[in-house]
Structure formats: C-alpha cells, structure tokens
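S.K.: have a look; sequence and predicted model below, questions after that.
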Amino acid sequence: MQYTTSPQDINRFMGGVEGGVERLRILFSAYQSAREISEAGLKRMFSGSILDKAHETAATGGKQMAMPLFEEHVPTRRRILMTGTPRLFVSRSRLLKDAAQKFGMKKVVAFSRTNARAKSLQEELVKRGSYFSDVIRVYGVMSAMKREAIYSRLLQPVGEDESIVVCNSKVMVTGFDLPDCDGVFLADWMESHAKILQAVARAARKW
C-alpha cells in the first residue's frame, strides 16, 4: 500500500488508466488530509465515499474537516456517513407535533414498536394538548366493528380546523390504505425494512 501527502501523487494514483482502461482505485484518507485531495484537482470522480465518524464534518465549508462533503473538494457520486455519536432523544409526541404544525398535516398515521408504546404515544399527545384535534388508537384486540368505524371516519374529509392522528403498532401495516394521508410517523425504530415499506405505503397509494 502506498502512502503519500503529495497532491501530485494523489492525482497520478487516481488517474488509474493503464493501457487505455480505467483501473479500480481505493483511496484511504484521514480528514486532516482532505486539503491534499482537494489540491490534487482530480478529474476522475469517486464512485462513492465512506465517511467514518461523520460528526467530525460538522463545520462550515471552509473548514478542512468538512471538505469531504463538498464536490469542489472531493468529487463524489455518493456518500455514506457513519457515526457512533450518542443519539439525542426528543419526546416522540413533541417531534410529531412540531412536524405536523410545520407542514400543516391534517391526517397522520403513527406506528410504534409495540401496542404499549402506541398507547404511551397516544397518552403523551393527549396530555400535552397536542396540535391534533383528535388522537385515536387502533389495536389488535379492538372489536372489528370499532376498528371499521375508525377506518370509515379516517376516509372522510377533515374540517378546516380538524386534524387527526391514529396511533397503532402493527394493525395498520397491511389491509388499509389512506390516500389523503399527509404523513406516516415512525415513532420507534423498526428492524424490518419490509415493514417500513408497508407502513409508508399506507399513505403512498392513491386512488
């Protein structure tokens, strides 16, 4: 493996053409060497960049640590940003309320990891006197008649001063579409990519 901090060497290496054929080139770099990559004036764009400890790039464009984020410094088709920084937790109800107010949402379906979590979200929203005029919960042991009544209500247009959010766990993942839904709120992490797609599809299918 070659080591260098010379922009000229980097340019020569990334040229990667032998016998008229472009060769695969992988460049490993510390954030502190981003300036050398920028000064290399690369003509060949990276197919992708993986930025470990991506929180280090949280600076203005002129800062060296942020250079990998900008095309003029590190030309890249795609970027994957990874970080092990602890997550900042915000109340789910507050997050949903703020988003609904900002985007003027009138109908929202919220998915939680468990029935208990869905009930907790409903209680948080009611307790906080949220943006929503009606906070409903649908759950598995609810009678089919009650569930159908809620579904029928959701399919009706909402008034000018009305807004509805339906909290559930897995009940509404399949078998129900809400074409005029303004948003789907994933209140918890979901392990299954398929379940995420199914949840989002509740609002994606249009009549």
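M.R.: That came through fine.
S.K.: residues contacting the residue sitting nearest the centre point of the chain?
M.R.: By CA atoms, centre = their mean, the chain has its centre lying nearest to Leu186, at 10.2 Å. By CB atoms under 8 Å, 6 or more residues apart in numbering, the contact set of Leu186 is 110-111, 196, 199. (C-beta placed from N, C-alpha, C; glycine too.)
S.K.: from those residues, which ones fall inside helices?
M.R.: Among the contacts of Leu186, the residues falling in helices (DSSP state H) are 196, 199.
S.K.: return stretch 188-203 as CSV; C-alpha atoms alone will do.
M.R.: Taking Å, rounded to 0.1, in the frame of the first residue of the first chain, the C-alpha atoms of stretch 188-203 are listed here in CSV:
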residue,chain,number,x,y,z
ASP,A,188,-39.8,3.9,17.0
TRP,A,189,-37.0,2.1,15.2
MET,A,190,-38.1,-0.8,13.0
GLU,A,191,-35.9,-3.8,12.3
SER,A,192,-37.7,-4.9,9.2
HIS,A,193,-37.2,-3.0,6.0
ALA,A,194,-40.3,-4.6,4.6
LYS,A,195,-42.4,-3.4,7.5
ILE,A,196,-41.2,0.2,6.9
LEU,A,197,-42.2,0.0,3.3
GLN,A,198,-45.6,-1.4,4.2
ALA,A,199,-46.1,1.3,6.8
VAL,A,200,-45.2,4.1,4.3
ALA,A,201,-47.4,2.5,1.7
ARG,A,202,-50.5,3.4,3.8
ALA,A,203,-50.1,6.9,2.5
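S.K.: returning to that earlier point: can you tell me which of the contacts of Leu186 is closest to Met65?
M.R.: Distance to Met65 across the contacts of Leu186 (CB to CB) is lowest for Ile196, with 32.2 Å.
S.K.: got the confidence number for the closest one?
M.R.: pLDDT for Ile196: 81.
S.K.: for the spatially closest residue to it that is not a sequence neighbour, give me its contacts.
M.R.: Excluding the flanking residues, the one nearest Ile196 by CB to CB, 6 or more residues apart in numbering is Met190, at 5.2 Å. Applying CB under 8 Å, 6+ apart to Met190 gives the contacts 111, 113, 196, 199.
S.K.: just give me the neighbour total for Thr76.
M.R.: Neighbour count for Thr76, taken as other CB atoms under 10 Å: 17.
S.K.: thought it was touching Ser49?
M.R.: Yes: Thr76 lies in contact with Ser49 (CB atoms under 8 Å); the separation is 4.4 Å.
S.K.: so what sits against both of the two?
M.R.: By CB under 8 Å, 6+ apart, Thr76 and Ser49 have these common neighbours: Pro68.
S.K.: coming back round to it: angles on the backbone of the residue nearest to the centre of the chain, please.
M.R.: When read as degrees, to the nearest 10, the backbone of Leu186 gives phi -90, psi 100.
S.K.: roughly how far does it sit from Leu154?
M.R.: Distance, Leu186 to Leu154, by CB to CB, to the nearest Å: 18 Å.
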